[in-house]
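[1] show me the folded form of this:
(chains A and B)
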Amino acid sequence: MAEKKLVEAITSMNEDFAQWYTDVVTKAELIDYSNVKGCMVIKPAGYAIWENIQKRLDERFKASGVENVYMPMFIPESLLQKEKDHVEGFAPEVAWVTHGGLNPLQERMCVRPTSETLFCDFYKGDIHSYRDLPRVYNQWCSVVRWEKETRPFLRSREFLWQEGHTAHATAEEAEQRTEQMLNVYADFCEEVLAIPVVKGRKTDKEKFAGAEATYTIEALMHDGKALQSGTSHNFGDGFAKAFGIQFTDRDNQLKYVHQTSWGVSTRIIGAIIMVHGDDSGLVLPPEIAPTQVMIIPIQQKKEGVLDKAYELRDKLGNFRVKVDDSDKSPGWKFSEQEMRGIPVRVEIGPKDIEAGKCVICRRDTREKIEVSLDQLEQTIAELLTKIQSDMLSKAKRHLEEHTYSASAWEEFVKVFEEKSGFVKAMWCGDQACEDTIKEKLSVTSRCMPFEQEHIADTCVCCGKPAKKMVYWGKAY
RNA sequence: CGGCGUGUGGCUCAGCUUGGUAGAGCGCUACGUUCGGGACGUAGAGGCCGCAGGUUCGAAUCCUGUCACGCCGACCA
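    You can find the predicted model right below:
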């Protein structure tokens, strides 16, 4: 947090975290603002991160039996209306299409805010027998939610995501799939994004509109706020009953399917920024970084320097590596590489070439070391692995150090006044207490973690007997 | 939806109070010198001052309206 800031263009985190975030997002050239509020241009540096997320998540999906499909982007109003809780949850934030060309439509259609209704409508006709089950489909697409307050990646009106929608013969199987996908997300976050998460179940107040149960992974940002980073919902047979999705089971009985849905969006890029970034810009975990190594030639116009740089690039072909051969000064290139979060920098100049070595600098700690050229490849391989694990350790430490617990109201209030982060506290299960806590502290229940602890016997808010230990926090 | 703020070359902004020939820095282009933590020189290109009305001999500047964006709040699976 207190690393020396070398780039003036980025506001320091401590000074103004929100401005820092905006600066990083634009200076790292992840996005540009567009002419439509809440809709952003995702630039190559940003989109390449998303492409890697897609690739790495998709291979995990496929390994668990997921098949990709694509659904229409328009939902007729009557279809959206079919599940009561669902429409109530989403209606306030959908965008409507009312005309086709010059003519008004007979029935207006919304641009999908999520595709449960489309999948349900499809499954109704597609599933007839237990032999058709399970259906484990996913789509990569964009959705639209007409948000009032928008922020790049964290909350935009149109965003990219994946949404998995499954149908199962039994409640047990649906529950299993719901948990399985949450674990896919959690493992992906830890192993690929180096972001530790808290896994748990949402309270009824916070769960998805129309779900029986919502599971979530919650990550803690550098400023101590929580970010819901992925969710997995068990719908039971609620949607199936609303849409009439029935199948004939082995016993020749007509039964309703049990469904799930689960999603991760470009919001996760916001998490990468706010978990790993520093005052010099973005810091990307090597696993997800579109460019892992940037080679920066020094005195590149001197005979042989650029050639050597290209030679090193070819030698490092196992990694995602680039040479910055633009005619900016080296100092400029260093800053650029740091703002973009490229994990490792290789500096190569005439002095190095003569000595048969080079200087490498890791982005996360900014530590510089000299390496002989014949050991470069191996050193970088080891360094990338080390950076990845160090980043996870550092993020874990931050999560642990900013997770508190409170057993009584005064203590609970005091922690939120003085600290920022997660606070573990007991809850009676009554929504009135959540409402009170939100009203008084602008804090929400993040989840009821799977790993329950006993902090106290009574609810931190009302003092009645406690049912669950809950993670509380301020959320994005 | 409420509060605050901002719209002037690509970017950041000055100019507006007190109306009178559109400015600076950065960036961009060309050439040269540089190069180990955002180098420098010289020469150049680039703007109906968000939009629409109004006042005025004359509007970036004053008035009215409008649109857009940003931040905060409310709301938000």
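[2] all helices for chain A, in order.
    All helices of chain A, identified by DSSP state H, fall at A:17-27, A:44-63, A:77-80, A:84-90, A:116-126, A:171-191, A:238-243, A:267-276, A:305-315, A:330-339, A:350-355, A:376-401, A:409-418, A:431-441.
[3] which of these sits closest to residue A:452?
    With respect to residue A:452, and counting by CB to CB, the nearest of those is helix A:171-191 at 15.6 Å. Backbone N, C-alpha and C define where each C-beta goes, glycine included.
[4] helices or strands up against the closest one?
    With contacts taken as 3 or more CB pairs under 8 Å, 6 or more residues apart in numbering; DSSP states H and E, helix A:171-191 sits against helix A:44-63, strand A:158-168, strand A:198-201, strand A:213-220, strand A:226-236, strand A:258-265.
[5] again, 6 Å this time
    Helix A:171-191 sits against strand A:213-220, strand A:226-236, strand A:258-265, with contacts defined as 3 or more CB pairs under 6 Å, 6 or more residues apart in numbering; DSSP states H and E.
[6] would you reformat the ones you listed as TSV and include mean neighbour count, distance to residue A:292 and mean pLDDT?
    Below are the helices and strands packed on helix A:171-191 laid out as TSV (neighbours: other CB atoms under 10 Å; distance: least, CB to CB, whole Å; pLDDT from 0 to 100):
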stretch	mean neighbour count	distance to residue A:292	mean pLDDT
strand A:213-220	26	23	96
strand A:226-236	25	23	96
strand A:258-265	26	23	97
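[7] partner residues bridging the closest residue to residue A:185 other than its chain neighbours?
    Nearest residue to residue A:185 in three dimensions, chain neighbours excluded: residue A:230, at 3.8 Å (CB to CB, 6 or more residues apart in numbering). Under DSSP bridges, the beta-bridge partners of residue A:230 are residue A:217.
[8] quick one: residues contacting residue A:230.
    Listed by CB atoms under 6 Å, 6 or more residues apart in numbering, the contact set of residue A:230 reads A:185, A:217, A:264.
[9] which one of those is nearest to RNA strand B?
    residue A:264 (8.7 Å; CB to the nearest atom of the strand).
[10] how much space between the nearest residue to the closest one once chain neighbours are set aside and RNA strand B?
    Leaving aside its sequence neighbours, residue A:264 sits nearest to residue A:230 (CB to CB, 6+ apart; 4.4 Å). For residue A:230, the distance to RNA strand B equals 8 Å [CB to the nearest atom of the strand, to the nearest Å].
[11] same deal with residue A:248?
    Per CB to the nearest atom of the strand, residue A:248 is found 32 Å from RNA strand B.
[12] how about the spatially most central residue of chain A: what's its closest non-neighbour residue?
    Among the residues of chain A, the one closest to the centroid is residue A:268, at 1.9 Å (CA atoms, centre = their mean). For residue A:268, ignoring the flanking residues on the chain, the nearest one in space by CB to CB, 6+ apart is residue A:229 at 5.6 Å.
[13] mind listing what the one you found touches?
    Per CB under 6 Å, 6+ apart, neighbours of residue A:229: A:217, A:219, A:268, A:271.
[14] reformat those residues as a markdown table; add distance to residue A:98.
    Below are the contacts of residue A:229 laid out as a markdown table (distance: CB to CB, whole Å):
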| residue | distance to residue A:98 |
| --- | --- |
| A:217 | 38 |
| A:219 | 39 |
| A:268 | 33 |
| A:271 | 36 |
